[in-house]
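Trainee: what follows is a predicted structure for the sequence shown.
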Amino acid sequence: GENVEQHPSTLSVQEGDSAVIKCTYSDSASNYFPWYKQELGKGPQLIIDIRSNVGEKKDQRIAVTLNKTAKHFSLHITETQPEDSAVYFCAALWGNDMRFGAGTRLTVKP
Amino acid sequence: DTGVSQNPRHKITKRGQNVTFRCDPISEHNRLYWYRQTLGQGPEFLTYFQNEAQLEKSRLLSDRFSAERPKGSFSTLEIQRTEQGDSAMYLCASGPLWGGGEKLFFGSGTQLSVL
């Protein structure tokens, strides 16, 4: 089955700096890779996603890049703000089963 | 539409008791999923419904767990004879049929504590 590894587990940046979170996956059959943001007491919220036929996707301050050959994908957040502080999860779709990474706790210091 | 709704938000129970959680998905969504999340981990897939049909179950879903979606709308997840290891956040997600397994929208979850 699919296995998704995510790092770092914690990340602290200064407001205005960029943050990068990386994930690798094991099953080359996976073709959909979303990123979720989870705030305390809430469920994960989809923030951006990418399919395997695309190498990069951008939405305002967030972007995702995918290297299908190497089986890794990354989330990039630019000009970070304190409200970006949360736990971020990458995931890979395997059949009907969305496999999640263990999460990255991002702290943006004002 | 207010998104995916889960009740209760918190449940504290004693070991050995039965508990039931409810999920109301986004109204036009055909697909419904249950996930379990423990502290410091990502959500783990439990089961998937397309309309009222339960199409997939994870090996994580022991015989003590049962899920239903009788009319293809809301769903319930029941845990019988709860154990301390069942303590976790139980998340429900829904998605449109056209999305395949994509575009999942999660509820805020039910936090279960088994004493």
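Mentor: It's in.
Trainee: okay but B:Q54 is in contact with B:P70, surely?
Mentor: No. Contact criterion Cβ atoms under 8 Å: B:Q54 and B:P70 do not qualify, at 10.9 Å. In short, each C-beta sits where N, CA and C put it, glycine included.
Trainee: make sure B:L61 is indeed in a strand.
Mentor: No. Counting by DSSP: H, G, I helix; E, B strand; the rest coil, B:L61 falls outside a strand, being coil.
Trainee: contacting residues for the nearest residue to it once chain neighbours are set aside?
Mentor: Counting by Cβ to Cβ, 6 or more residues apart in numbering or on different chains, B:L61 lies nearest to B:L46, which is 5.2 Å off, once chain neighbours are set aside. Shown in contact with B:L46 (Cβ atoms under 8 Å, 6 or more residues apart in numbering or on different chains): B:33-36, B:57-58, B:60-61, B:65, B:67, B:77.
Trainee: before we move on, what about B:T82?
Mentor: B:13-19, B:64, B:112, B:114.
Trainee: what's the most distant pair in those?
Mentor: Using Cβ to Cβ, the pair of these lying farthest apart is B:K14 and B:R64, separated by 15.1 Å.
Trainee: how about whatever residue of chain A ends up closest to chain B, what does it touch?
Mentor: Residue nearest to chain B within chain A: A:F100 (2.9 Å; Cβ to the nearest Cβ). With contacts defined as Cβ under 8 Å, 6+ apart, A:F100 is in contact with A:4, A:36, A:89-91, B:42-44.
Trainee: try 7 Å
Mentor: By Cβ atoms under 7 Å, 6 or more residues apart in numbering or on different chains, the residues touching A:F100 are A:4, A:89, A:91, B:42-43.
Trainee: so the most centrally placed residue in chain B: helix, strand or coil?
Mentor: The residue lying closest to the centre of chain B (Cα atoms, centre = their mean) is B:W34, at 3.1 Å. Under the three-state scheme (three-state DSSP), B:W34 adopts strand.
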